[in-house]
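Engineer: Return atomic coordinates for the entry below.
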Amino acid sequence: MKKLAVVLIACTLFVACDKIEGPIKETLTDLGDVDTTVTLQRALLEEYTGHKCGNCPELGSEKIAELDALFGSKLVTVSVHAGSFATFSPTASKYNYDFTTPTSIALYNKYGVQANPEGCVSRTLSGGKLVLGSGAWATAISAVLTQEPAQRIDIKNTFNEANKQLTVDVTVKYLKAGAADDNLTVYLVEDSIINWQKDYRLTNEDIPNFVHRHVLRGAVTPTFGDPLSTTAPAVGAIIKKSYTYTLKDGYVPKHCSVVAFVNNSGTDNVLQVAEKHIQ
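Structural biologist: Here you go, the predicted structure:
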């Protein structure tokens, strides 16, 4: 069920994926705008990956760790498992886990991903390309972060342990005039999933206890977003939306977060993004 409330008010007003020896550590950072006086521009990196991609630990996971260190809370990452490197066999002894979702497959197909790891940075062209190799991610992220924020996104998550129902309340405030075709997209992401991963650098390429980070678990809204308004939001407009989502068995709530972003359905560009734990 989705509850919708829109209020328009005019006013003047990246830790490397690695093998682990001990317990999983909580490493996510809330990326909502908790400071009421400052709104940061953030970039969304959607990394396309797969557990059978032997280049992905070095060129994907480790690259994201470098970017996390470089950009800190200004970078939000979602790892999208889809394509030939994400295939699985439920009865096999290895690679028997399904990381894919209808959302990840839809994204992979829409953007025409040809190899892993590749990624989109705020779904914005960089050097004339939308889907980029990992060597181009830092430049694209830097370009996005030079922009003045057009929106402020605040997320409030309420999780019911008994029935695993998550209620997501999102408030979007327009700092610049918006467009009638702006959407709000909300995804569920899970961190620290321990499972198989191939790494071509190793003599034994198959790692049984790899830490998969930022894994896209599903879309709380439709995959490509929910319209924010039927008219172009003015500067100062505040739009509130509420959604419910039930976590599947096996998801670890303390490792899950909500990623919410404003994307324009005409250009596909992601204008602003925020992330917040569900617990």
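
Engineer: okay, CA-based contacts and neighbour counts for the rest of this
Structural biologist: Noted.

Engineer: which residues in the stretch 1-150 of the chain form helices?
Structural biologist: For the stretch 1-150 of the chain, applying DSSP state H, counting those that start in this stretch gives helices covering 56, 62-71, 102-110, 137-145.

Engineer: Show me the shaky parts of this structure.
Structural biologist: 1-37 (pLDDT under 70).

Engineer: All the strands of the stretch 101-250 of the chain, in order from the start?
Structural biologist: Taking DSSP state E, counting those that start in this stretch as the criterion, the stretch 101-250 of the chain carries its strands at 118-121, 132-133, 151-160, 165-174, 182-190, 193-198, 206-212, 215-219, 226-227, 238-246.

Engineer: just to revisit the earlier point, for the helices of the stretch 1-150 of the chain, give me CSV that also has distance to residue 47 and mean neighbour count.
Structural biologist: Shown next, in CSV, are these (distance: least, Cα to Cα, whole Å; neighbours: other Cα atoms under 10 Å):
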stretch, distance to residue 47, mean neighbour count
helix 56, 10, 26
helix 62-71, 9, 17
helix 102-110, 10, 16
helix 137-145, 10, 18
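
Engineer: returning to what we had before: most packed of the strands of the stretch 101-250 of the chain?
Structural biologist: Mean neighbour count (mean count of other Cα atoms under 10 Å) peaks for strand 118-121 among those, with a mean of 26.

Engineer: Setting the sequence-adjacent residues aside, check what's closest to residue 113.
Structural biologist: Spatially, and ignoring its direct neighbours in sequence, residue 113 is nearest to residue 131 (6.8 Å; Cα to Cα, 6 or more residues apart in numbering).

Engineer: quick one: the residue lying closest to residue 213 once chain neighbours are set aside from residue 78, how far?
Structural biologist: Ranked by Cα to Cα, 6+ apart and with sequence neighbours excluded, the top spatial neighbour of residue 213 is residue 191, at 4.5 Å. As for residue 191, its distance to residue 78 is 10 Å (criterion: Cα to Cα, to the nearest Å).

Engineer: Overlap of the contact sets of these two?
Structural biologist: 214-215 (Cα atoms under 8 Å, 6 or more residues apart in numbering).

Engineer: What about residue 214, how many residues nearby?
Structural biologist: Using other Cα atoms under 10 Å, residue 214 has 25 other residues around it.

Engineer: for residue 146, same thing?
Structural biologist: With other Cα under 10 Å as criterion, residue 146 counts 10.

Engineer: got it, and residue 200?
Structural biologist: Other residues close to residue 200 by other Cα under 10 Å number 16.

Engineer: Make 54 the first number, not 1, from now on.
Structural biologist: OK, 54 is where the count begins now, so the last one is residue 253.

Engineer: Surely it and residue 107 touch.
Structural biologist: Yes: the pair residue 253 / residue 107 is scored as a contact, 4.7 Å apart, by Cα atoms under 8 Å.

Engineer: re earlier: for the helices of the stretch 54-203 of the chain, which one sits closest to residue 174?
Structural biologist: With Cα to Cα as the criterion, residue 174 lies closest to helix 190-198 of the helices of the stretch 54-203 of the chain, at 6.3 Å.

Engineer: Pull the closest one out as PDB, backbone CA atoms only.
Structural biologist: Provided in PDB are the C-alpha atoms of helix 190-198 (Å, rounded to 0.1, in the frame of the first residue of the first chain):
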ATOM      1  CA  TRP A 190      33.700   7.000 -12.000                       C
ATOM      2  CA  ALA A 191      35.700   9.500  -9.900                       C
ATOM      3  CA  THR A 192      35.600  12.200 -12.600                       C
ATOM      4  CA  ALA A 193      31.900  11.800 -13.200                       C
ATOM      5  CA  ILE A 194      31.200  11.900  -9.400                       C
ATOM      6  CA  SER A 195      33.300  15.100  -9.100                       C
ATOM      7  CA  ALA A 196      31.300  16.700 -11.800                       C
ATOM      8  CA  VAL A 197      28.000  15.900 -10.200                       C
ATOM      9  CA  LEU A 198      29.200  17.200  -6.800                       C
END
